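Asks: 3D model of this:
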Amino acid sequence: MKTHIHLTIITFILFYGCNSSRPVNNRIKVEKALSEWILKNADHPNSYISNSFSDFTEVDFSMAADNSIIYYRITHNYKLKSKDNISRENKHFFVLNKDLKVTIISDNKTSMLQSVPPSIFEWAITFGENFKNVDYSGLDTTYYFKKFHDYKNIGGNSWSYFSYLDDDCLQLLLNSLKNYPNKGFQINRIIKAVSEFETGFENLGNGLNELGIYLNTTLGKNPQTNIAVIQMDNNTGEIYTVVGFDKTKSEICFKVISKKKSSLIHWIRHI
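Replies: Purely as a prediction, here's the structure:
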């Protein structure tokens, strides 16, 4: 079996040399903003009880007054009912940007200040999907919410990382399928998912490391799973399927993972 190698560049902003000693009123401002964020986004805001805040730091990379790059990092212990009305004790690490929009939510402290989804997705699934005062990491909101929709339907936090097959590659695949699309359904997109993103950091040199740039690798410990999102010709809803290739029959298999149709399997012959 071929070794799967996944390479990605993840930018970490390190805190060495940054001034994290700021006035106390900034911490009070952030604590208030975070409590308000939870109240705005939770399905059961009346159940929210703030227990404590800790580990507050302010990271300032501003090069000029008119170009401020500031992030606030803080750990929050709180009580809140989940969407299914179960009271939970929570401890989360939050990162907020200069506009007090949330950029990161994690169970443990992280050196990252901003990330692409699904950093906030699991909190939203658990407590509320309002997405008010959220930093979308520069993503188009349509794409952001499409990814959230897919995240829920492929199993949420069982996948620590996922992206999409490029449109050109998808079209190449579709062109190689015999009699497609005359099979009663169409393939809308293919999701490339990894269940557990194991990392190994390689030094690229002191200069790049000081900028927070590392090479992040996974060496086949957690192979990629391909998930095809298909749509039946007689149904407007989408169906999520695990897609594989049967070498003995030279066929591509689409095994449905949607809860309502878990037993349905489609086969398409590959040319």
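
Asks: Hmm, residue 163 is touching residue 189, no?
Replies: No - taking contacts as CB atoms under 8 Å, residue 163 lies outside contact range of residue 189: 10.7 Å. In short, each C-beta sits where N, CA and C put it, glycine included.

Asks: low-confidence ranges in the chain?
Replies: Judged by pLDDT under 70, the chain has its weakly predicted residues at 1-23, 62-67, 116-118, 178-183, 196-222, 250, 258-271.

Asks: so what are the domain limits for it?
Replies: 9-153, 161-198+222-269 (automatic domain parsing).

Asks: now the ones you listed in JSON lines, with mean neighbour count?
Replies: Formatted as JSON lines, the domains of the chain follow (neighbours: other CB atoms under 10 Å):
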{"stretch": "domain 9-153", "mean neighbour count": "15"}
{"stretch": "domain 161-198+222-269", "mean neighbour count": "14"}
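
Asks: what ranges do the strands span in the chain?
Replies: Assigned by DSSP state E, the strands in the chain fall at 5-11, 49-60, 70-81, 87-97, 102-106, 161-164, 185-194, 201-202, 213-219, 225-232, 238-246, 251-256, 265-269.

Asks: need these in CSV with distance to residue 144, can you?
Replies: As requested, these are exported to CSV (distance: least, CB to CB, whole Å):
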stretch, distance to residue 144
strand 5-11, 19
strand 49-60, 24
strand 70-81, 20
strand 87-97, 16
strand 102-106, 13
strand 161-164, 13
strand 185-194, 15
strand 201-202, 28
strand 213-219, 22
strand 225-232, 17
strand 238-246, 18
strand 251-256, 26
strand 265-269, 30
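
Asks: so which of these gets nearest residue 141?
Replies: When those are compared by CB to CB, strand 102-106 sits nearest residue 141, at 15.1 Å.

Asks: residues touching residue 150, list them.
Replies: Going by CB atoms under 8 Å, 6 or more residues apart in numbering, residue 150 touches 162, 191, 229, 240.

Asks: any idea which of those residues is closest to residue 115?
Replies: residue 162 (13.3 Å).

Asks: Give me the distance between the closest one and residue 111.
Replies: Separation of residue 162 from residue 111 (CB to CB, to the nearest Å): 22 Å.

Asks: got it, and residue 251?
Replies: Computed with CB to CB, the distance linking residue 251 and residue 111 is 45 Å.

Asks: before we move on, what about residue 154?
Replies: 27 Å.

Asks: just residue 34 next, same as before
Replies: Distance from residue 34 to residue 111, by CB to CB: 19 Å.

Asks: Then residue 81?
Replies: Taking CB to CB, one finds residue 81 at 31 Å from residue 111.

Asks: Also residue 35?
Replies: Counting by CB to CB, the gap from residue 35 to residue 111 is 25 Å.

Asks: now swap in residue 103 and tell me
Replies: Computed as CB to CB, the residue 103 to residue 111 distance reads 13 Å.

Asks: What's the biggest helix in this structure, counting residues?
Replies: helix 24-41 (DSSP state H).

Asks: Next, the angle from that helix to strand 102-106.
Replies: With axes from the mean of the first three to the mean of the last three CA atoms, to 10 degrees as the basis, helix 24-41 and strand 102-106 are set at 80 degrees to each other.

Asks: Use 29 as the first number for this chain going forward.
Replies: With 29 as the first residue, the last one maps to helix 52-69.

Asks: then helix 52-69 to CSV, C-alphas only?
Replies: Taking Å, rounded to 0.1, in the frame of the first residue of the first chain, the C-alpha atoms of helix 52-69 are listed here in CSV:
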residue,chain,number,x,y,z
VAL,A,52,-6.0,45.2,33.6
ASN,A,53,-9.0,46.9,31.9
ASN,A,54,-8.2,45.0,28.7
ARG,A,55,-8.7,41.8,30.5
ILE,A,56,-12.0,43.0,32.0
LYS,A,57,-13.0,44.0,28.5
VAL,A,58,-12.2,40.6,27.0
GLU,A,59,-13.9,38.7,29.8
LYS,A,60,-17.1,40.8,29.4
ALA,A,61,-17.0,40.3,25.6
LEU,A,62,-16.5,36.6,25.9
SER,A,63,-19.4,36.2,28.3
GLU,A,64,-21.6,38.2,25.9
TRP,A,65,-20.4,36.0,23.0
ILE,A,66,-21.6,32.9,24.8
LEU,A,67,-24.9,34.5,25.7
LYS,A,68,-25.5,35.5,22.0
ASN,A,69,-24.5,32.1,20.5
